[in-house]
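Asker: after the sequence you'll find the predicted model.
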Amino acid sequence: MQSMELPLVVFTVFSQAAIGVTVMRAVRTTADGAGAEDHGARREWGLIAGLMVFGMLGSLFHLGHPLSAPTALNHLGTAWLSREVLFAGMFTGVTVLAVLVAGITGKPALAWLGTLLGLGVIVSAGMTYAPPALPALDNGLPFAFFLTSAVILGAGFGSWFAGGGRAPLMARIFTTALVVGLVLNLAAPWIWLSGGTVMRMTGQAWLGSAFYWAHVLVLLGCLGVVWKTRTIPAWLPVLALMGELAGRAGFFADTIHTAANMGGLY
């Protein structure tokens, strides 16, 4: 890709944060049961909707003609990008509806509907950013990166609304996702170094990238804080968000396209 693509960085990270918080809400409200109090529902759904709307607005700056954004739906039968736009639009609609009806309708229903639509967004995005022209990502890695980001940010921001009873659960999920994220990010570039020319160039670019190392250091820092405190301090999800933004910037800026080696030896 070799371009930071700030609008796509904003869209993918903030939308995955919104999806992750929705998943955590679905898990918590289902586990708590129908009789549990849920005074923070509107605030939590407000955060989810705010993250998603911000991401959607950010994505418009990637378009040459933002007013023509609906035409992205024209190829649902053949293009994963069109499916990503459709799922993202439906997910956004569910989050806005949830803000309006918070405290009125059944607790888990909209959260689980949002979870299904959100997973549709992540699967579609994983396929969109795994083209053959990016040999390092022409596999399941984009989906793995995106899902891991969603769980890290979802558990992190979800801890704001979990209460004392569910805080340990959020901390366990957060810790597990951080470990998975570290393994993925540390292993991938070294594996790429053993691949073909363009894949090897990608591995070298990632290992030489400030974005990459900033992301790894934030993951390690977050893991260290949770290990020491056994909980998720209120400020830590914001740090995790900064780390995911840095990592996503590197994802777009440092992944080498086959055109970069045009005319070279493979």
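Answerer: That came through fine.
Asker: going along the chain, name the helices of this protein.
Answerer: Taking DSSP state H as the test, the helices found in the chain are 6-32, 41-59, 80-101, 107-128, 141-192, 197-207, 210-229, 236-253.
Asker: pick the most deeply packed of the ones you listed.
Answerer: Per-stretch averages of neighbours, counted by mean count of other C-beta atoms under 10 Å, single out helix 6-32 among the helices of the chain, with a mean of 24. From N, CA and C alone the C-beta is placed, and that goes for glycine too.
Asker: related to what we said a few turns ago, among the helices of the chain, which comes closest to Ala259?
Answerer: The closest of these to Ala259 is helix 197-207. By C-beta to C-beta, the value is 9.3 Å.
Asker: next, the angle from the closest one to helix 210-229.
Answerer: Going by axes from the mean of the first three to the mean of the last three C-alpha atoms, to 10 degrees, helix 197-207 is angled at 50 degrees with respect to helix 210-229.
Asker: for Leu134, which of the helices of the chain is the nearest?
Answerer: helix 197-207 (7.9 Å).
Asker: now for that closest one, which elements pack on it?
Answerer: The criterion is 3 or more C-beta pairs under 8 Å, 6 or more residues apart in numbering; DSSP states H and E, and the helices and strands that helix 197-207 contacts are helix 141-192.
Asker: tell me what angle the helix it packs on forms with helix 107-128.
Answerer: 50 degrees.
Asker: pLDDT below threshold where in the stretch 51-200 of the chain?
Answerer: 62-72, 75, 103-107 (pLDDT under 70).
Asker: I'd like to check which residues are in contact with Leu73.
Answerer: Residues in contact with Leu73, defined by C-beta atoms under 8 Å, 6 or more residues apart in numbering, are 82, 85-86.
Asker: so how far is Met127 from the residue nearest to it when sequence neighbours are not counted?
Answerer: Excluding the flanking residues, the one nearest Leu73 by C-beta to C-beta, 6 or more residues apart in numbering is Ser82, at 5.5 Å. Distance of Ser82 to Met127, computed by C-beta to C-beta, to the nearest Å: 11 Å.
Asker: next one: Leu117
Answerer: 16 Å.
Asker: what's the answer for Glu44, then?
Answerer: 29 Å.
Asker: what's the answer for Leu100, then?
Answerer: From Leu100 over to Met127 (counting by C-beta to C-beta), the distance is 32 Å.
Asker: which residues touch the residue nearest the centre of the chain?
Answerer: In the chain, the residue lying closest to the centroid (C-alpha atoms, centre = their mean) is Gln16, at 3.1 Å. For Gln16, the contacting residues are 121-122, 146, 149-150, 153, 244, by C-beta under 8 Å, 6+ apart.
Asker: over to Gly250?
Answerer: Contacts of Gly250 (C-beta under 8 Å, 6+ apart): 206, 209, 211-212, 215.
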